[in-house]
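Trainee: Sequence unavailable; structure follows:
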């Protein structure tokens, strides 16, 4: 019924020696690149000559060794065999990895509380590139092609009331590129909601800078139309004592792939990363996150929950947490829970934890994928609860744990209603 | 006063080897205020009877009837049976992910009563019932049965019994897997519910141990899908001493005895 796997954290740097051929730490690797050329699990085709991350002496197997670059040409064309693309149906990317992203980007409409600065800037703005650097080809493609960027700034010491609402409405099927920069300056506090709607084929980079002592919540809602294709790299850089909360909610779209990351650059910071996804028949909802504990005494907590229903509903969750040698006193936990509601759905879940120092406060990871089955239904119905109510009770309760993290009442209500709609779809 | 009447019930299940008949003509009548014990060796069909009354989809009724105050129970869905007043305390309560005990208890109570319980009195009722069954208060925050020990699951079944106030409670080996202390606590719960005077109890057990705490007026011995002997509490005492061997070995004579008993009844 419910399989729980909780591994003990591995102490020490992962070995750069070849593993069993064809197998990586994530299990069987179908990629010849992984098994033959780069010999190691997480490396993909990390190109040392171009790498802006990692650097000398970082083993290929470490997440730290992954290629990062602002230049599209640095990333090889995708084959689908790469470690970080192995679950993604490339055919359904509609050219995000191959085309020049020249289509009209989703229209941006921002409603912000007093004190928040909203600007539209050109490619040469100094703030672009301040928090992020592409980690994959699709993200780099957007970086090369975006026309203008929206910069949202919560100025220093400003504590905003209410949320900054950023509605991004798709402009059609031409492959496009989007760029957003969100900056929470020193000791500010703010909430930013990215609300993705309509039909689009878009690769998006969201740079998030949380300066010293700032507290920022970013909520990314993917309520696209059924035909949308969306790749979104959302990278956050955290200053000293910064508090960052990131919530991903993916409900709509044909293929949605969100790759959030949180990088600690100074001690005392905290990152909480939550996610909720509900995949229907045929939908591919993927989330790959990265928490980079590069400095001492930071905390991170990750919880993603997903529900799946219908034929070929596919969800992917990969959580990479890296505790570098310098990151003593780190406290981290990541977990993924999936609830499979019908036959024919598939949930992939891969929690990765790399630990390069033993001097930590705590590190854990867990993943469980369970089924809502006839015995659950019988139990609830045997207590007088009608079938439909029973089914909703289970899913609602399961996903509510994430929804209640949002703390923007209007959005909580909207998402609760959206989950109800998803459930109503199974009744028919 | 309510009556749960089972008449000549035949039940089979589908197995890989084909259809297998498990209940071969069971008749039993329980009235409000009565406690009946069904005893028998493993595999005799006791639990099948319990699950069939509750409506588990695995069991196919091929003959006979079950009625509750004349209403056809077999025509009801699982949830309708519960709302009609039947309660099955399960032998192996399942864990239900994502649903807190609080939410579950309130939803079930609302479904059974047809209206939401008054929040203040309900919370108090739940708290008190939990205290009596020695269930930790933090259980309400946990998901239904998730991570509960065997004994905790059984207590939570009895908690529901006390809160939902059914017309008939069917306890499917509630005693198995309990230590003596837990057995006492659980039995007290059943006795409290019974003492309110609006419930009939069908106690299914393999052991006689629980009968020290819950006193049945009627004892039915089940062997191979049939009642082979019926009697009062003294029959349980006899089983305590002799076990089931007599029935299993001499099934022929036992059947005759049961037939005689049935003829007299």
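Mentor: It's in. All of these numbers come straight from a predicted model, not from anything done at the bench.
Trainee: CA atoms for contacts and neighbours, from now on please.
Mentor: Fine.
Trainee: And the helices in the chain?
Mentor: Went with chain A since none was named. A:32, A:137-145, A:374-381, A:387-403, A:409-427 (DSSP state H).
Trainee: wrong one, I was asking about chain B
Mentor: B:46-54, B:78-84, B:101-113, B:119-132, B:150-164, B:180-195, B:233-242, B:245-249, B:251-264.
Trainee: which secondary structure elements does the second one contact?
Mentor: Contact partners of helix B:78-84 among helices and strands, from 3 or more Cα pairs under 8 Å, 6 or more residues apart in numbering or on different chains; DSSP states H and E: helix A:374-381, helix B:46-54, helix B:101-113.
Trainee: go again using 10 Å as the cut-off
Mentor: Packing contacts for helix B:78-84, counted by 3 or more Cα pairs under 10 Å, 6 or more residues apart in numbering or on different chains; DSSP states H and E, involve helix A:374-381, helix B:46-54, strand B:86-89, helix B:101-113.
Trainee: can you list the weak-confidence ranges in the chain?
Mentor: Went with chain A since none was named. A:1-61, A:426-428 (pLDDT under 70).
Trainee: that's the other chain; I wanted chain B
Mentor: If you take pLDDT under 70 as the line, chain B has these spans: B:249-265.
Trainee: returning to that earlier point: let me have the helices of chain A in CSV, extended by mean neighbour count and distance to residue B:93.
Mentor: Formatted as CSV, those follow (neighbours: other Cα atoms under 10 Å in any protein chain shown; distance: least, Cα to Cα, whole Å):
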stretch, mean neighbour count, distance to residue B:93
helix A:32, 16, 47
helix A:137-145, 25, 48
helix A:374-381, 21, 7
helix A:387-403, 20, 16
helix A:409-427, 14, 25
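Trainee: can I get those in CSV with distance to residue B:140?
Mentor: As requested, the helices of chain A are arranged in CSV below (distance: least, Cα to Cα, whole Å):
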stretch, distance to residue B:140
helix A:32, 51
helix A:137-145, 45
helix A:374-381, 16
helix A:387-403, 14
helix A:409-427, 23
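Trainee: now for those helices, which one comes closest to residue B:152?
Mentor: Residue B:152 lies closest, by Cα to Cα, to one member of the helices of chain A: helix A:374-381, at 16.3 Å.
Trainee: coming back round to it: what's the closest of the helices of chain B to residue A:103?
Mentor: helix B:101-113 (48.3 Å).
Trainee: and that closest one, what does it pack onto?
Mentor: helix A:374-381, helix A:387-403, helix B:78-84, helix B:119-132, helix B:150-164.
Trainee: and the fourth one, is it in reach of chain A?
Mentor: No: Helix B:119-132 is not in contact with chain A by Cα under 10 Å from any Cα of the partner chain; minimum separation 15.9 Å.
Trainee: how far away is residue A:219 from residue A:385?
Mentor: Remark: distance between residue A:219 and residue A:385 (Cα to Cα, to the nearest Å) = 34 Å.
Trainee: Please say which of these two ends up with more neighbours.
Mentor: residue A:385 (27 against 23; other Cα atoms under 10 Å in any protein chain shown).
Trainee: Buried deepest among the helices of chain B, which one?
Mentor: Most buried of the helices of chain B by mean neighbour count (mean count of other Cα atoms under 10 Å in any protein chain shown) is helix B:78-84; its value is a mean of 25.
Trainee: So which residues make contact with it?
Mentor: Contact partners of helix B:78-84, identified using Cα atoms under 10 Å, 6 or more residues apart in numbering or on different chains, comprise A:377-387, B:52-57, B:68-69, B:71-77, B:86-88, B:108-114, B:164, B:166-168.
Trainee: about what we covered before: out of the helices of chain A, nearest to residue B:128?
Mentor: When the helices of chain A are compared (using Cα to Cα), the closest one is helix A:374-381, at 22.9 Å.
Trainee: Run through the neighbouring helices and strands of the closest one.
Mentor: helix A:387-403, helix B:78-84, helix B:101-113.
Trainee: Could you dump those helices into a markdown table and include distance to residue A:105?
Mentor: Converted to a markdown table, the helices and strands packed on helix A:374-381 look like this (distance: least, Cα to Cα, whole Å):
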| stretch | distance to residue A:105 |
| --- | --- |
| helix A:387-403 | 28 |
| helix B:78-84 | 51 |
| helix B:101-113 | 44 |
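Trainee: Looking at those helices, spot the one closest to residue B:200.
Mentor: Nearest of the helices and strands packed on helix A:374-381 (Cα to Cα): helix B:78-84, 13.6 Å.
Trainee: quick check: angle from the longest strand along chain A to helix A:137-145?
Mentor: Assignment by DSSP state E gives strand A:172-184 as the longest strand of chain A. Strand A:172-184 runs at 80 degrees relative to helix A:137-145, counting by axes from the mean of the first three to the mean of the last three Cα atoms, to 10 degrees.
Trainee: Hmm, residue A:226 is touching residue A:285, no?
Mentor: No: if you go by Cα atoms under 10 Å, residue A:226 and residue A:285 don't touch, sitting 12.0 Å apart.
Trainee: Contacts only, for residue A:254.
Mentor: A:92-93, A:199, A:201, A:224-230, A:279-285.
Trainee: Quick check: residue B:68 touching residue B:32?
Mentor: No: between residue B:68 and residue B:32 there is no contact under Cα under 10 Å: 11.1 Å.
Trainee: who has more neighbours, the two?
Mentor: Each of residue B:68 and residue B:32 has its neighbours counted (other Cα under 10 Å); residue B:68 has more, 22 against 17.
Trainee: Name the residues linked to that one by a beta bridge.
Mentor: Listed by DSSP bridges, the beta-bridge partners for residue B:68 are residue B:4, residue B:71.
Trainee: burial count for residue B:173?
Mentor: Neighbours of residue B:173 (other Cα under 10 Å): 23.
Trainee: measure it to chain A for me?
Mentor: 16 Å (Cα to the nearest Cα, to the nearest Å).
Trainee: And for that residue, nearest residue in space, chain neighbours not counted?
Mentor: residue B:205 (4.8 Å; Cα to Cα, 6 or more residues apart in numbering or on different chains).
Trainee: what does residue A:375 give?
Mentor: Nearest-residue entry for residue A:375: residue B:94, 7.0 Å, with adjacent residues in sequence omitted and distances by Cα to Cα, 6+ apart.
Trainee: pretty sure the one you found is touching residue B:153, no?
Mentor: Yes: with contact defined as Cα under 10 Å, residue B:94 counts as touching residue B:153 (8.7 Å).
Trainee: Spell out which parts of the stretch 201-350 of chain A neighbour chain B.
Mentor: So the stretch 201-350 of chain A meets chain B at residue A:339 (Cα under 10 Å from any Cα).
Trainee: Which part of the stretch 201-350 of chain A gets nearest to chain B, residue-wise?
Mentor: Nearest residue of the stretch 201-350 of chain A to chain B: residue A:339, at 8.6 Å (Cα to the nearest Cα).
Trainee: my guess is that residue contacts residue A:391, does it?
Mentor: No: with contact defined as Cα under 10 Å, residue A:339 does not reach residue A:391; the gap is 11.6 Å.
Trainee: residues bridging contact with those two, i.e. touching both?
Mentor: Common neighbours of residue A:339 and residue A:391 are listed as residue A:372 (criterion: Cα under 10 Å, 6+ apart).
Trainee: Can I get the helices and strands packed on helix B:101-113 in CSV including distance to residue B:200?
Mentor: Output for those, formatted as CSV (distance: least, Cα to Cα, whole Å):
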stretch, distance to residue B:200
helix A:374-381, 21
helix A:387-403, 27
helix B:78-84, 14
helix B:119-132, 20
helix B:150-164, 12
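Trainee: Good, wrapping up.
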